[in-house]
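Asker: Model the structure of this input:
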Amino acid sequence: MACLTQSSPVAGIYVHIPFCIRKCRYCDFYSITDISLKDAFVEALCREIAATPSQMHFDSLYIGGGTPSMLAPSDIGRIIDRISAQFSLDASAEITLEVNPGTVTADSLKAYRERGVNRLNIGIQSFQDGFLKWLGRLHSADAATDAVWWARAAGFDRIGMDLMYGIPGQSQKAWISDLHRAISLNPEHISCYMLTCEPGTPLDRMRRLREFEPMADGDVCDLFETTVSELSEHGYPLYEISNFARKDHNTPDINRSRHNQKYWTNAPYLGFGTAAHSYLNPVRYRNHRDITAYMADVNSGRLPVAEKEVLSTEQQLMEIIFLGLRTVEGISIERFEEKSATPFTSLFQDILTDPELSERFSLTPERCALALQGMTVLDAMAGLFVDRI
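Answerer: Okay, here's the model as predicted:
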């Protein structure tokens, strides 16, 4: 196989596990329900990892999906061991496993911890059974709570929860109830995602058939502002538009997702498994979004790359804008100007001096960041900047 290398500072690794018991209505990530392929996939995945040399140093490993907790702890341990043997993985690396409360037990969580996983991301979405059923989730609200307690008992001291807002029929009161239920369980990290109707998903087909009425944009913005207010008040400040980390007074940023921050700061990462992406600036790779094609390539000694793109300078600048504005730190002006032939303040002078936009962002010599009012219209604000590139 070809070699993916880059002389670089600390990087991350992502592994995509493509199995689900059933697809949630809103999900557009690649997954299949044919679990008979699990053993063959794990074998191919370990071959892909073993055949990919890299000189980079890594401090994060994120195992996502799909539903990675459909794999046995022994399989997850095998994947971690293969990566540790193949790459320079930091001894204190953040090793995250996504789990669905409907696919874990107290014993399996203990076994994942013993196999090397040190951070969990639990896909809860809601603590209300009616919303869980409407979303197509497997678990109940009680099962979600049990999973958190089991994780603590298994020795996990880094737990993240995923919640979802903008569900049709979800009131401010219902959403605040979910937030308070999450806070009461004292996780280190909370992610709050807006429900979106991604093309090709069952949810999008339901929308087009008018089987439900999507929540109005204004109401979704209100829920976002409520999220920021409630979580901040309870010690979970926003650090990225969908992510909140519990504040530790000694090391305030310690509970942020180390791995996900790599995506937002243009750091390099390698991706393994079906549909996984790799980014070695300025090149991006994507593996086959089909398990049969993926395994055929790997088992024939080829990298399972379906697409490869060399980003132009313009594309790199656009990514710095889009990704930077998602975070509370904002755009690094130094990094932008390393790529741009024009100073940041000159290129965007009309935006930066527009009095009607002044409350939507803040500007320092080092950074340009969106205020809360700007984050509620993130796409529109990012579009203003991108149009001038």
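
Asker: burial measure for residue 72, as a count.
Answerer: Residues near residue 72, counting by other CB atoms under 10 Å, number 15. Where you see a C-beta, it was placed from the backbone N, CA and C, and this is true even at glycine.

Asker: mind listing what it touches?
Answerer: Residue 72 is in contact with residue 108, counting by CB atoms under 8 Å, 6 or more residues apart in numbering.

Asker: Check which residues of stretch 206-218 are buried.
Answerer: 206, 214-215 (16 or more other CB atoms under 10 Å).

Asker: In this protein, which residue is most central in space?
Answerer: Per CA atoms, centre = their mean, the C-alpha nearest to the average position across the chain is that of residue 260, at 5.8 Å.

Asker: Test my guess that that one contacts residue 241.
Answerer: No. Counting by CB atoms under 8 Å, residue 260 sits too far from residue 241 to count as a contact (11.7 Å).

Asker: hmm, back to that, the residue nearest to the centre of the chain: helix or strand, and which one exactly?
Answerer: Element membership for residue 260, per DSSP states H and E: helix 258-264.

Asker: contacts for whichever helix or strand comes after that helix?
Answerer: Going down the chain from helix 258-264, the next helix or strand is strand 269-273, by DSSP H and E. With CB under 8 Å, 6+ apart as the test, strand 269-273 has contacts from 4, 11-18, 41, 45, 48-49, 52, 54, 56, 58, 262-263, 277-279, 285-287, 294.

Asker: now swap in stretch 305-318 and tell me
Answerer: 281-289, 293, 297, 319, 336, 339-340, 386, 389.

Asker: Now do the SS call for residue 176.
Answerer: Under DSSP: H, G, I helix; E, B strand; the rest coil, the three-state class of residue 176 is helix.

Asker: picking up where we left off before, buried ones only from the contacts of strand 269-273, please, as a PyMOL command.
Answerer: For the buried members of those, the matching PyMOL selection, counting by 16+ other CB under 10 Å, is:
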select buried, resi 4+11+12+13+14+15+16+17+18+41+45+48+49+52+54+56+58+262+263+278+279+285+286+287+294
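
Asker: I'd like to know which of the contacts of strand 269-273 are part of helices.
Answerer: Counted as lying in helices by DSSP state H, out of those, are 41, 45, 48-49, 262-263, 294.

Asker: check contacts around the residue nearest to residue 65 when sequence neighbours are not counted.
Answerer: Closest residue in space to residue 65, ignoring its immediate chain neighbours: residue 17 at 4.2 Å, by CB to CB, 6 or more residues apart in numbering. By CB under 8 Å, 6+ apart, the contact list for residue 17 reads 41, 63-68, 70-71, 273.

Asker: ditto for residue 147
Answerer: Counted by CB under 8 Å, 6+ apart, residue 147 has contacts 99, 101, 104, 109, 122, 124, 139.

Asker: Would you check which pair of the contacts of residue 17 lies furthest apart?
Answerer: The span of those, defined through CB to CB, is set by 41 and 64 at 14.5 Å.

Asker: Go ahead and confirm residue 224 touches residue 375.
Answerer: Yes. Residue 224 is within contact range of residue 375, at 7.4 Å (criterion: CB under 8 Å).

Asker: What's the mean pLDDT across stretch 59-76?
Answerer: Averaging pLDDT along stretch 59-76 yields 98.

Asker: quick check: domain ranges of this protein?
Answerer: Domain assignment for the chain by automatic domain parsing gives 11-263, 313-386.

Asker: nearest to residue 302, of those domains?
Answerer: Judging the domains of the chain by CB to CB, what sits closest to residue 302 is domain 11-263, at 9.2 Å.

Asker: so how far is that closest one off the chain centroid?
Answerer: 8 Å (CA atoms, centre = their mean, to the nearest Å).

Asker: for stretch 369-377, same thing?
Answerer: Taking mean C-alpha positions (CA atoms, centre = their mean), stretch 369-377 and its chain are 20 Å apart.

Asker: what does that stretch contact?
Answerer: 221, 224-225, 228, 241, 324-325, 327-331, 359-362, 378, 381.

Asker: which of the residues you listed count as buried?
Answerer: Of those, these count as buried by 16+ other CB under 10 Å: 221, 224, 228, 241, 324-325, 327-331, 360-361, 381.

Asker: any chance of those in a markdown table, plus secondary structure?
Answerer: Shown next, in a markdown table, are these (three-state DSSP):
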| residue | secondary structure |
| --- | --- |
| 221 | helix |
| 224 | helix |
| 228 | helix |
| 241 | coil |
| 324 | helix |
| 325 | helix |
| 327 | strand |
| 328 | coil |
| 329 | coil |
| 330 | coil |
| 331 | strand |
| 360 | helix |
| 361 | strand |
| 381 | helix |
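
Asker: Would you format the residues you listed as TSV with pLDDT and distance to residue 181 included?
Answerer: Converted to TSV, the buried ones among the contacts of stretch 369-377 look like this (pLDDT from 0 to 100; distance: CB to CB, whole Å):
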residue	pLDDT	distance to residue 181
221	96	23
224	98	19
228	98	18
241	97	22
324	97	32
325	97	30
327	97	27
328	96	25
329	96	29
330	97	31
331	97	35
360	96	32
361	95	33
381	96	32
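
Asker: For residue 299, the count of nearby residues, please.
Answerer: 14.

Asker: Over to residue 233?
Answerer: Residue neighbour count, defined by other CB under 10 Å, stands at 10 for residue 233.

Asker: who are the neighbours in contact with it?
Answerer: The contact partners of residue 233, by CB under 8 Å, 6+ apart, come to none.

Asker: Point out the other helices and strands that the longest strand anywhere in the chain packs with.
Answerer: Secondary structure of the chain per DSSP state E: the longest strand is strand 88-99. Here strand 88-99 touches strand 57-65, helix 73-86, helix 106-114, strand 119-125, helix 258-264, going by 3 or more CB pairs under 8 Å, 6 or more residues apart in numbering; DSSP states H and E.

Asker: so where is the stretch 151-300 of the chain shaky, pLDDT-wise?
Answerer: Nowhere does the stretch 151-300 of the chain drop to pLDDT under 70.

Asker: those strands in it, which residues are they?
Answerer: Using DSSP state E, counting those that start in this stretch, the strands of the stretch 151-300 of the chain run over 159-165, 189-194, 238-240, 243-245, 269-273, 277-280, 283-287.
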